[in-house]
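*Asks:* next comes the sequence, and after it the predicted model I'd like to discuss.
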Amino acid sequence: MSDAVSDDLDRFLERCRQAVDDRLDQHVPPLGTQPAILHEAMRYTLLAPGKRLRGAVLLAVVEMLRGDVDAAVDVAAAIEMVHAASLILDDLPSMDDASLRRGRESSHRRFGEANAILAAIGLLNLGYGTVSGCRALTDRTRGEIVSGLSSAIGAEGLVGGQVADLEATGTNLELDSLEFIHRNKTGALFIVSAEAGAWVAGGGRRDREALHAYAKNLGLAFQITDDLLDFSGDPAATGKDAGLDRGKTTFVDLCGIEGARKLTDQLIDTAILNLKSLGRRSHRLAALAEAVRGRDR
Ligand code: GRG
């Protein structure tokens, strides 16, 4: 990626982060709202410094298709609420038992397990509420997004992927089973982010198909880079525990470090090819994919 492209992407990502963070702050009741511990716990993980990458994918699609960016920020915020809920649940002692998230103590360590679970449910619910309350969208678009989110989160998405992941812990997986887990557990939220962008902006079927394929490959590449970072990343940069994947089969276990990097390259190259029919206007989505290829946090 040239310096000019990389600078443009950095400015775009910073703009997205700011817009999404401001909107999240507006949507979640302020500290002190009763029950105080619930709202503190919801804000704690949600407003901690996250990359807001799923929101950025959505906003890049909406800007590319010249849709309503202000309405899109609400939808991006909703997706980031769902994502934060999934992180809180994933960190629980019954799941990954993580102590560090977004550079802070994980939610259950700070607020106790029951409050962490309830904060996650609160965020999930607020995510749906934010989409249904977005009056700038038509009924049809709200319906498409709510239904897309429901599929992405449910048994055929995050929840199903997580259950398969837990079931496989301590067993040796083949590459296709590992892919199945992460296409659901991680990939589904990337796909619905790109699709939601197309729904908000009224993209046609051809555009939606291209974006679906792009996000599917991007999401899996993102997970493989996550495995690489879990293996050799610096918790000070990633903000989460390293080595938590021990006991689970990872892409690094199955392919080695070089093999995992090669697979990431193939998926990112394919994701960029998937954008071909969208032409030059998809340059930011291509730059985002390049940034995932090279990420260190
Ligand atoms: C009901 C929402 C819900 C979920 C239940 C717990 C669960 C099912 C699924 C876990 C999904 C999960 C946490 C997958 C891992 C995805 C992943 C690689 C997360 C890290 O994403 P980053 O690096 O994090 O974008 P930041 O903090 O930057 O947002």
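*Replies:* On my side now, so go ahead.

*Asks:* which non-adjacent residue is nearest whichever residue of the stretch 151-297 of the chain sits closest to the ligand?
*Replies:* Among residues of the stretch 151-297 of the chain, the one nearest the ligand by CB to the nearest ligand atom turns out to be Q162. It sits 3.7 Å away. Yep, even glycine has a C-beta here, placed from its N, CA and C like the rest. Nearest residue to Q162, sequence neighbours excluded (CB to CB, 6 or more residues apart in numbering): K185, at 5.5 Å.

*Asks:* what residues does this protein put near the ligand?
*Replies:* Where the chain comes near the ligand, counting by CB under 6 Å from any ligand atom, the residues are 50-51, 53, 82-83, 85-87, 89-90, 102, 124, 153, 158-159, 162, 185-186, 223, 226.

*Asks:* in the stretch 151-297 of the chain, which spans are helices?
*Replies:* 158-168, 175-182, 188-201, 205-232, 235-238, 251-274, 283-293 (DSSP state H, counting those that start in this stretch).

*Asks:* just checking, which helix or strand of this protein averages the lowest pLDDT?
*Replies:* Taking mean pLDDT, DSSP states H and E as the measure, helix 235-238 is the helix or strand of the chain with the lowest mean score, a mean of 83.

*Asks:* most centrally placed residue in the chain?
*Replies:* Ranked by distance to the mean C-alpha position of the chain (CA atoms, centre = their mean), the top residue is R54 at 4.4 Å.

*Asks:* helices or strands up against the helix or strand containing that residue?
*Replies:* In the assignment (DSSP states H and E), R54 maps to helix 53-64. With contacts defined as 3 or more CB pairs under 8 Å, 6 or more residues apart in numbering; DSSP states H and E, the packing partners of helix 53-64 are helix 3-27, helix 69-91, helix 188-201, helix 205-232, helix 283-293.

*Asks:* please point out which parts of the fourth one sit buried.
*Replies:* What that stands for is helix 205-232. Within helix 205-232, the residues that count as buried by 16 or more other CB atoms under 10 Å are 207-208, 210-231.

*Asks:* same thing with the last one?
*Replies:* Residues of helix 283-293 classed as buried under the neighbour-count rule (16+ other CB under 10 Å) are H283, R284, L285, A286, A287, L288, A289, E290, A291, V292, R293.

*Asks:* can you redo the residues you listed as JSON lines with pLDDT?
*Replies:* Conversion of the buried residues of helix 283-293 to JSON lines gives the following (pLDDT from 0 to 100):
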{"residue": "H283", "pLDDT": "96"}
{"residue": "R284", "pLDDT": "97"}
{"residue": "L285", "pLDDT": "98"}
{"residue": "A286", "pLDDT": "98"}
{"residue": "A287", "pLDDT": "97"}
{"residue": "L288", "pLDDT": "98"}
{"residue": "A289", "pLDDT": "98"}
{"residue": "E290", "pLDDT": "97"}
{"residue": "A291", "pLDDT": "96"}
{"residue": "V292", "pLDDT": "97"}
{"residue": "R293", "pLDDT": "96"}
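
*Asks:* including distance to S106, could the residues you listed go into TSV?
*Replies:* Below are these laid out as TSV (distance: CB to CB, whole Å):
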residue	distance to S106
H283	37
R284	32
L285	32
A286	34
A287	32
L288	27
A289	29
E290	31
A291	26
V292	24
R293	28
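
*Asks:* which one of the residues you listed is nearest to T169?
*Replies:* V292 (25.8 Å; CB to CB).

*Asks:* I'd say R104 and Y44 touch.
*Replies:* Yes: between R104 and Y44 there is a contact at 7.4 Å, judged by CB atoms under 8 Å.

*Asks:* show me what contacts V192?
*Replies:* Listed by CB atoms under 8 Å, 6 or more residues apart in numbering, the contact partners of V192 are I79, G148, L149, S151, A152.

*Asks:* returning to what we had before: just give the nearest non-adjacent residue to the residue nearest to the centre of the chain, would you?
*Replies:* S193 (4.3 Å).

*Asks:* mind checking how far the one you found is from R205?
*Replies:* Using CB to CB, to the nearest Å, we find S193 at a distance of 18 Å from R205.

*Asks:* just for the chain, where's the confidence low?
*Replies:* When residues are selected by pLDDT under 70, none of them lie in the chain.

*Asks:* quick check: the residue nearest to R54 touching A215?
*Replies:* Yes: S193 is in contact with A215 according to CB under 8 Å; the separation is 6.7 Å.

*Asks:* may I have stretch 45-63 as CSV, with CA atoms only?
*Replies:* Listed next in CSV are the C-alpha coordinates belonging to stretch 45-63 (Å, rounded to 0.1, in the frame of the first residue of the first chain):
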residue,chain,number,x,y,z
THR,A,45,-16.4,-2.6,27.3
LEU,A,46,-18.3,-0.7,24.6
LEU,A,47,-16.5,2.6,25.0
ALA,A,48,-13.0,1.1,25.6
PRO,A,49,-10.7,1.7,22.7
GLY,A,50,-11.7,-0.8,20.0
LYS,A,51,-10.7,-0.6,16.3
ARG,A,52,-14.3,-0.2,15.2
LEU,A,53,-13.4,-2.1,12.1
ARG,A,54,-16.9,-3.6,11.4
GLY,A,55,-18.3,-0.1,11.7
ALA,A,56,-15.6,1.1,9.3
VAL,A,57,-16.5,-1.6,6.7
LEU,A,58,-20.2,-0.5,6.9
LEU,A,59,-19.3,3.2,6.5
ALA,A,60,-16.9,2.6,3.7
VAL,A,61,-19.7,0.8,1.8
VAL,A,62,-22.2,3.6,2.5
GLU,A,63,-19.8,6.3,1.4
